[in-house]
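A.B. asks: Fold the following.
(2 chains)
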Amino acid sequence: MLKIKTPKSGKAKREIEKRAPKLVESGKKTLILQGTKTSNVLNAVLAEIYHLKKDSAVRYTRKNENIRPFESGGETSLEFFSLKTDCSIFVFGSHSKKRPDNLVIGRTYDHHIYDLVEVGVENFKSMESFTYDKKLAPKVGSKPFIAFIGEGFESVDELKHLKEVLLELLRGEVVENLNLAGLDHAYICTAVSSNRVFFTHCAMRLKKSGTIVPRMELVEVGPSMDLVVRRHRLPNDSVRKEAMKTAKEQPKKKVKNVSQDVIQGKVGKIYVPDQQVGSVALPNKAKGLKRERREAKMKHETNDRAPKKQKENSE
Amino acid sequence: MTEMDTQEHQIDLGHLMAFDPLHHFPSPPPSREELVKECLQKGTVLVQLIADALFNLPSTEDIDGPLVKLPPPMTRLPREKHLPKPKPPTKWELFAKAKGIKNRKKDKIVYDEQTGTWKRRHGYDRVNDDKDIPIIEAKMTDEPGEDPFAKRQAEKRKRVEKHEKNRLQNLKQAAKVGALPSHIQLAATALPITGTQAAPKKASKNELQDIASMAAAATASGGKFDKKLLGEKPEKHKGKYRKFLPVVEGTGIGSQERQQTEKVLNRLISKNSHEILNVDKAINMYNVKKEKKRKNQRGKDSSTSSKLNPKKQLQKKSLKKGGSSKKGKSK
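C.D. replies: From the prediction side, this is the model:
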């Protein structure tokens, strides 16, 4: 026996519809969490990543003992959290003797693990350690520039994967229209060797130049660290194919009250409600009203008095 | 154009991303600071390239600044959720398509013949409401004693149930394909343990008490030390389930052992006796019948007082069943 369950309030219904699969998807939410043991460095790294992605990230601060992303049974908690918070990228930090300052960045598809990249963090410099002019500080939520330098990103498999994952993690919302005045920060990732990537975050200063295009100047502001690639897991081929499927072009939404005419071209209809001009209340001290009153009074008097006053009336 | 290949730099304007695949780093890197400086330099070059392309796009003026329409991104990234599947057509939709029935737009306000006013079609104070009908004329086919108003209501309820059933069937079909609307969930209300469709009936309060006491007795100490909740009644049948006769009989008790053995014997003998008539039962039935008759009579003529009633048979049902037949019955 089945029963139909529907949300009882409009708010609940709207929340559920926000999480439903859509044809065209907007940016992914990130889940930041940690394992049994973390180090100071790792705590700072996770805090700064959360800060950089304030609006579209969820941070869990408790330790989770049973999450082991690379083992077959240790992913259930991650998938559960992804389902509950509606996050499809996660950053999982853990610290152990074998893998110090470990970050596992992963993506999910339909709330199941899609792919994973494990990196170690070295030479971490936090945001506070950089001194710069406070006016340059980038605002939260602005769309960043992302630059990848180095042939390693093309030749080495793991770095290629890392490049894709970093792109997903660092790009903000997917927008169609961009305000050019709001561009203020950039992420630079450089493949120093075949397994090491130097990552840094800079604010951009736009200087006047002769042409429309301003001259860019980069000032290091944000966290900078060395990422050492340790392990990675590529997605299954079948899952990958399904995830890369794109929606067919949507038929354009019909515009109402607009039609094409051969003679006149584009014709639109505007519906104006009944305005009732005659019965609208006039404001109190309208000059016209005063005159009206005067005239009405005079009319009254002429009806009583001699026709001598008629001259004034005809004016 | 979203991709520009100047000096082998790949620019993806949709993501504001630039990629330089040709840079070669000297290994080992000279020093950390040199490295950082070089990275920043190269980074500046790339960012400048993106900005070049970006600012050359056609822009519209907005209150906050120039707005640019970004081209769609070149690098394809995987989706986070599956593509929404189209809903399968419902039973009515299929039927309408087959018959060629088109959906006609209905007005919200309809003219009501009965009152002569314009009323809304659905909702409070609607057209053709069941409760507004004052008189239903009787037809030849109507049975007497049947309430036509109640009949109309019952019919409406049946129709509503049918609609609900159809809706559930349509949703089940959609769920099979995987295209259930996002705000609806189908939940199982009851899980049958057997293979039948019958829903397990709810246990009554007394049943639950019995079951709870049985479960309590399953503990190692027989449920004696279980903490009882507020309002939970003590067990009905505590402790002893076997009765042992005292070893030494006192004076006032009587011969309990004799009674016990007699009881057992009588039961055994009555089982094997072939007497069909159970005299006690027959007497009881006769008495009950008489009582009933008397009650009916009393109901008809209430003048008779209770004092004139013949004495009721105040026989107790004796324990000896088969034995009495031998003693008293003279057939």
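
A.B. asks: contacts and neighbour counts: CA atoms only from here.
C.D. replies: Noted.

A.B. asks: Then B:Asn206 would be within a helix, right?
C.D. replies: Yes: membership of B:Asn206 in a helix is supported by DSSP: H, G, I helix; E, B strand; the rest coil.

A.B. asks: per-residue confidence for it?
C.D. replies: Reported pLDDT at B:Asn206 in the predicted model: 83.

A.B. asks: Likewise for A:Thr30?
C.D. replies: Per-residue pLDDT puts A:Thr30 at 95.

A.B. asks: Would you tell me which helix is longest in chain B?
C.D. replies: Looking across chain B with DSSP state H, the single longest helix is helix B:148-177.

A.B. asks: Please identify the buried residues of the helix or strand just after it?
C.D. replies: As assigned by DSSP states H and E, the chain's next helix or strand after helix B:148-177 is strand B:185-188. Residues of strand B:185-188 classed as buried: B:185-186 (neighbour count, 16 or more other C-alpha atoms under 10 Å in any protein chain shown).

A.B. asks: sorry, back to before: any buried residues in the longest helix of chain B, and which?
C.D. replies: B:168, B:170-175.

A.B. asks: out of those residues, who's nearest B:Ile211?
C.D. replies: Distance to B:Ile211, by C-alpha to C-alpha, is smallest for B:Leu168 among the buried residues of helix B:148-177, at 36.2 Å.

A.B. asks: Report the contact partners of that closest one.
C.D. replies: Contacts for B:Leu168 were tallied using C-alpha atoms under 8 Å, 6 or more residues apart in numbering or on different chains; they are A:3-4.

A.B. asks: And for the one 10 residues further on?
C.D. replies: Taking C-alpha under 8 Å, 6+ apart as the contact definition, B:Gly178 lies against B:Lys85.

A.B. asks: And the one 5 residues further on, by the same measure?
C.D. replies: Contact partners of B:His183, counting by C-alpha under 8 Å, 6+ apart, are A:6-7, A:13, A:16-17.

A.B. asks: for the chain, what spans make up the helices?
C.D. replies: Since no chain was named, I'll use chain A. Secondary structure of chain A (DSSP H): helices at A:10-19, A:40-52, A:76-85, A:152-155, A:157-170, A:237-243, A:287-304, A:310-314.

A.B. asks: My question was about chain B, not that one.
C.D. replies: Secondary structure of chain B (DSSP H): helices at B:32-55, B:91-99, B:148-177, B:205-217, B:256-272, B:279-300, B:322-327.

A.B. asks: Would you point to the one among those that's packed deepest?
C.D. replies: Mean neighbour count (mean count of other C-alpha atoms under 10 Å in any protein chain shown) peaks for helix B:32-55 among the helices of chain B, with a mean of 18.

A.B. asks: Give me the mean pLDDT for that helix.
C.D. replies: Averaging pLDDT along helix B:32-55 gives 88.

A.B. asks: I'd like to know which elements that helix is packed against.
C.D. replies: Identification of packing neighbours for helix B:32-55 by 3 or more C-alpha pairs under 8 Å, 6 or more residues apart in numbering or on different chains; DSSP states H and E yields strand A:145-149, strand A:185-191, strand A:215-233, strand B:17-20.

A.B. asks: what's the closest of these to B:Lys263?
C.D. replies: That would be strand A:215-233 among the helices and strands packed on helix B:32-55, by C-alpha to C-alpha, at 82.9 Å.

A.B. asks: Near chain B, which residues of the stretch 151-300 of chain A are found?
C.D. replies: Contact residues, the stretch 151-300 of chain A versus chain B (C-alpha under 8 Å from any C-alpha of the partner chain): A:151-154, A:164, A:168, A:171, A:175-181, A:186, A:188, A:190, A:192-193, A:212-218, A:240, A:242-245, A:247.

A.B. asks: Mark which of those residues are buried, thanks.
C.D. replies: By 16+ other C-alpha under 10 Å, these give A:151-154, A:168, A:171, A:178-180, A:186, A:188, A:190, A:192-193, A:213-218, A:240, A:242-243 as buried.

A.B. asks: so what pLDDT did the residue of the stretch 201-331 of chain B found nearest chain A get?
C.D. replies: For the stretch 201-331 of chain B and chain A, the shortest gap (C-alpha to the nearest C-alpha) falls at B:Lys201, measuring 14.0 Å. According to the prediction, B:Lys201 has pLDDT 71.

A.B. asks: What is the neighbour count of it?
C.D. replies: Residues near B:Lys201, counting by other C-alpha atoms under 10 Å in any protein chain shown, number 6.

A.B. asks: ok, it to B:Ile211 distance?
C.D. replies: Separation of B:Lys201 from B:Ile211 (C-alpha to C-alpha, to the nearest Å): 15 Å.

A.B. asks: That's all I had, so thanks and see you.
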